[in-house]
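Visitor: Would you be able to build a 3D model of this:
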Amino acid sequence: MEIFLTLAQELHFGRTAERLRISQARVSQVIKKQERRIGADLFERTSRTVSLTPVGNTLRGELQQAYDLIHGGLARAGEAANGLSGNLRLGVMGALGHEMRPVIDAFRALHPHCDVDIVEYHFSDPFDLLRTGHCDLQLMWLPVCEPDLSVGPTVLTEGRVLAVASGSELARQPQVSMENLGGLTVLDSGRKVPEYWEEAMIPKHTPAGRRIPRGPAARTFHEILALIADGQIVSPLNAHVRQYYTPPGITFVPIDDAPLTQWALVWPSAAENPRLKAFVNSARDHGTRAVGAR
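Guide: Numbering: from 1, shown residues only. Got it, this is the predicted structure:
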């Protein structure tokens, strides 16, 4: 079947033999045997050309369907044997699931028997879903320095903005710096957030050493927005919020000297499996992308 279909595509005995890594004599032998069995020529041969006969053309259409079904079945069996089937649970913050679409689509194209479920996690307890098995892996800002978690490729990068009440003086500025946070009140992320992880986004001091005081606690992103709109706090946020959110009473001002946020895939080291590895490889092959870029 494979020899016939390859010759029907190449229409050249030498190229068919080379492609299948067999001898040209073997190709001729197999085709002649099938022609004797069917009782009709499958190819018209001259010293210069090879072409399908009407019988050969009909047989090609019939065999191609069978060939595709056979290889599809073998592929599905192989994927099932290697764990490359079923759903993968990807944890994201807020709207970042939309930014992961290219990676998810590439993964689905390579592994059609796998799918990806998006699960939202909250910054106030960033590792709980991973450690309780409710997520297979998460997209998280770096650094992540947890001994039981593995950190994969950086998938997205973006700048940062300062979210302030629209009636404040800072809202009228074209941009601000990290030094502007000195003396302003930011949220209290809570006890479940590692200090180093919070510091990467909301530091306790400005670059010049001025204190950035903590204020009310917030558990979810929408609780943060409510506190900002009420004028109780300001908050550095990742720049994608400008694309996905337009909350009333809040202005997003670019922070010109904030470090770029790098988002990477993170998963429990002990729970690594072929399906997870395949998704990580898909993300790595897709390359790092700026959030909002298309």
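Visitor: what about the nearest residue to G97 once chain neighbours are set aside, helix or strand, and which?
Guide: Distances taken as C-beta to C-beta, 6 or more residues apart in numbering place I118 nearest to G97, at 4.3 Å, with adjacent residues excluded. Just so you know, the C-beta spots here come from the backbone N, C-alpha and C atoms, and that holds for glycine as well. Assigned by DSSP states H and E, I118 belongs to strand 114-120.
Visitor: contact partners of that strand?
Guide: With contacts defined as C-beta atoms under 8 Å, 6 or more residues apart in numbering, strand 114-120 is touched by 79, 84-94, 97, 100, 104, 107-108, 129, 134-135, 275, 278-279.
Visitor: List buried members of the residues you listed by neighbour count.
Guide: 79, 84-85, 88-94, 97, 100, 104, 107, 129, 135, 275, 278-279 (16 or more other C-beta atoms under 10 Å).
Visitor: give me the beta-bridge partners of the residue nearest to G97?
Guide: Under the criterion DSSP bridges, I118 forms beta bridges with L90.
Visitor: Find me the pLDDT at it, would you?
Guide: Listed pLDDT for I118 reads 96.
Visitor: burial of it, as a residue count?
Guide: By other C-beta atoms under 10 Å, 15 other residues sit near I118.
Visitor: And F13, by the same measure?
Guide: Neighbours around F13, by other C-beta under 10 Å: 17.
Visitor: before we move on, what about the one 10 residues further on?
Guide: Counted with other C-beta under 10 Å, residues neighbouring S23 total 10.
Visitor: One more: R172?
Guide: Close neighbours of R172, defined as other C-beta under 10 Å, add up to 11.
Visitor: sorry, back to before: buried stuff in the strand holding I118?
Guide: Of all the residues in strand 114-120, those buried under the rule 16+ other C-beta under 10 Å are 114, 116.
Visitor: now stretch 175-182
Guide: Across stretch 175-182, burial judged by 16+ other C-beta under 10 Å covers 176, 178, 180-182.
Visitor: What separates the first and last residues of that stretch, distance-wise?
Guide: Stretch 175-182 stretches 15 Å from its first residue to its last (C-alpha to C-alpha, to the nearest Å).
Visitor: which stretches of the stretch 51-200 of the chain form helices?
Guide: For the stretch 51-200 of the chain, the helices defined by DSSP state H, counting those that start in this stretch occupy 54-81, 96-99, 101-110, 128-131, 195-201.
Visitor: List the residue ranges of the chain that fall below the pLDDT cut-off.
Guide: 72, 75-83, 292-294 (pLDDT under 70).
Visitor: Mind listing the strands the longest strand along it pairs with, and their directions?
Guide: As assigned by DSSP state E, the longest strand anywhere in the chain is strand 149-158. Using DSSP bridges, the strands paired with strand 149-158 in its sheet are strand 261-268 (antiparallel), strand 289-290 (parallel).
Visitor: CSV please, covering the ones you listed and showing distance to S189.
Guide: Putting the strands paired with strand 149-158 into CSV (distance: least, C-beta to C-beta, whole Å) gives the following:
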stretch, distance to S189
strand 261-268, 16
strand 289-290, 26
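Visitor: among these, which is nearest G56?
Guide: strand 289-290 (47.7 Å; C-beta to C-beta).
Visitor: State whether L84 and H113 are indeed in contact, as I suppose.
Guide: Yes: here L84 reaches H113: they are 6.7 Å apart, a contact under C-beta atoms under 8 Å.
Visitor: Pretty sure A226 sits in a helix.
Guide: Yes: under DSSP: H, G, I helix; E, B strand; the rest coil, A226 sits within a helix.
Visitor: For H122, see how far away it is.
Guide: Distance check for A226 against H122: by C-beta to C-beta, to the nearest Å, it reads 15 Å.
Visitor: Please name the residues that touch the nearest residue to K192 once chain neighbours are set aside.
Guide: Closest residue to K192 apart from its sequence neighbours, by C-beta to C-beta, 6+ apart: D125 at 4.5 Å. Residues near D125 by C-beta under 8 Å, 6+ apart: 190, 192-193.
Visitor: for A290, same thing?
Guide: Residues near A290 by C-beta under 8 Å, 6+ apart: 156-158.
Visitor: Using ChimeraX, define a selection of the buried residues within these.
Guide: Buried residues among these (16+ other C-beta under 10 Å), as a ChimeraX selection:
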select :156,158
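Visitor: Much appreciated, bye for now.
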